[in-house]
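Asker: next comes the sequence, and after it the predicted model I'd like to discuss.
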Amino acid sequence: MTNTTAAIRTLVCGDGRMGALVRAAVEADEAFECVGQVGIDDVDALDAGEVPAADLVIDFTHRDMLPHLAAYLEQNPAALVSGTTGLEAEGLQTLDALAKRMPVVHSSNYSLGVAVLNRITSEVARALDGFDVEIVETHHNQKVDAPSGTAKLLLAAVDPEGIYSVKSGRDGMVGKRPEREIGMHALRGGTVAGTHEVHFFGPDEEVCLTHRASSRQIFVAGAIAAAKKLAGREPGLYTFDELVL
């Protein structure tokens, strides 16, 4: 029987390594129709209305492109899968505003394994309340932001109320480790796709939760899965976890 479901017209935002992988995945999946791809150098085309309307936008580009993409979406409402990292308060507010008109999911990490790690981290943090916590993330030498968005997700899983102080690395005579402090450490080198560790140190014992990404393809697969679940939903700001877990 012939499938009569219309393909989801998809705009890929981002022309770096992730953008190329996302476009390849979109073009290989009959659920989607790629209507174009834009990057940070194409903001003039977005602003001028020269980019085709889409049902879905998958965004893995630089955070500076978000205002231009938001203006495009105000004129051409579409479901938005955002994987852009390094967003600050203004960028997150932009996503909140868009979510009032269209379905939006934003995540710093679209790995199913990280989604599970995030959930487990929250449970372990509650069970091991009072343990010292350190978060270590490792990425390739081309990553421009630190700590990673995933490390920030894990920090929120450990400390959802924001009652801990956060120490980004340590240097010099730092003194005795205070209570309710979380250390955040960023390592950069080579071609590491992404490794995240959450250490819980207690008296005479340690629990370490670890996720290692072998390639960026896991993030692409997660974004595609989220896109299929997001398309056609009511406006709102969704989490990756609630879409795929």
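Answerer: Here it is on my side, so go on. These numbers were taken from a predicted model, which means no experiment stands behind them. Residues are numbered from 1 along each chain as shown.
Asker: stretch 231-240: which residues count as buried?
Answerer: Buried residues in stretch 231-240, counted by 16 or more other CB atoms under 10 Å: 231, 237-238, 240. Using the backbone N, CA and C atoms, a C-beta is placed for each residue, glycine as well.
Asker: now do stretch 192-212
Answerer: 192-200, 209, 211.
Asker: ok, Phe32 touching Arg23?
Answerer: No: using CB atoms under 8 Å as the test, Phe32 is too far from Arg23 to be in contact (10.0 Å).
Asker: tell me which other helices or strands the longest helix anywhere in the chain touches.
Answerer: The longest helix of the chain (DSSP state H) is helix 112-127. Counting contacts by 3 or more CB pairs under 8 Å, 6 or more residues apart in numbering; DSSP states H and E, helix 112-127 is packed against helix 149-158, strand 194-202, strand 205-213, helix 217-230, helix 240-244.
Asker: could you dump the ones you listed to JSON lines with distance to Thr5 and mean pLDDT?
Answerer: Output for the helices and strands packed on helix 112-127, formatted as JSON lines (distance: least, CB to CB, whole Å; pLDDT from 0 to 100):
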{"stretch": "helix 149-158", "distance to Thr5": "33", "mean pLDDT": "95"}
{"stretch": "strand 194-202", "distance to Thr5": "34", "mean pLDDT": "97"}
{"stretch": "strand 205-213", "distance to Thr5": "32", "mean pLDDT": "98"}
{"stretch": "helix 217-230", "distance to Thr5": "11", "mean pLDDT": "96"}
{"stretch": "helix 240-244", "distance to Thr5": "19", "mean pLDDT": "92"}
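Asker: out of these, nearest to Ala78?
Answerer: helix 217-230 (10.2 Å; CB to CB).
Asker: how far off helix 112-127 does that closest one point, in degrees?
Answerer: 90 degrees (axes from the mean of the first three to the mean of the last three CA atoms, to 10 degrees).
Asker: helix 217-230 to strand 205-213, inter-axis angle?
Answerer: Between the axes of helix 217-230 and strand 205-213, defined by the same axes, to 10 degrees, the angle is 80 degrees.
Asker: check which element follows the longest helix of the chain along the chain.
Answerer: Using DSSP states H and E, the helix or strand that follows helix 112-127 in sequence is strand 132-139.
Asker: neighbouring contacts of that following strand?
Answerer: 125, 146-148, 150-151, 154-155, 158, 164, 177, 181-189, 192-202 (CB atoms under 8 Å, 6 or more residues apart in numbering).
Asker: which stretches of the protein have low pLDDT?
Answerer: By pLDDT under 70, the weakly predicted segments of the chain are 1-4.
Asker: again, only this time at 80
Answerer: Low-confidence segments of the chain, defined by pLDDT under 80: 1-5.
Asker: how does it divide into domains?
Answerer: The chain breaks down into these domains under automatic domain parsing: 8-106+217-244, 112-213.
Asker: wait, what's in contact with Ser111?
Answerer: Counting by CB under 8 Å, 6+ apart, Ser111 makes contact with 211, 213, 218-219, 222.
Asker: excluding covalently adjacent residues, which one is nearest to Ala71?
Answerer: Asp47 (6.6 Å; CB to CB, 6 or more residues apart in numbering).
Asker: for the one you found, what are its contacts?
Answerer: By CB under 8 Å, 6+ apart, Asp47 lies in contact with 68, 71-72.
Asker: centroid residue for the chain?
Answerer: Taking CA atoms, centre = their mean, the centroid of the chain lies closest to Ser108, which sits 1.5 Å from it.
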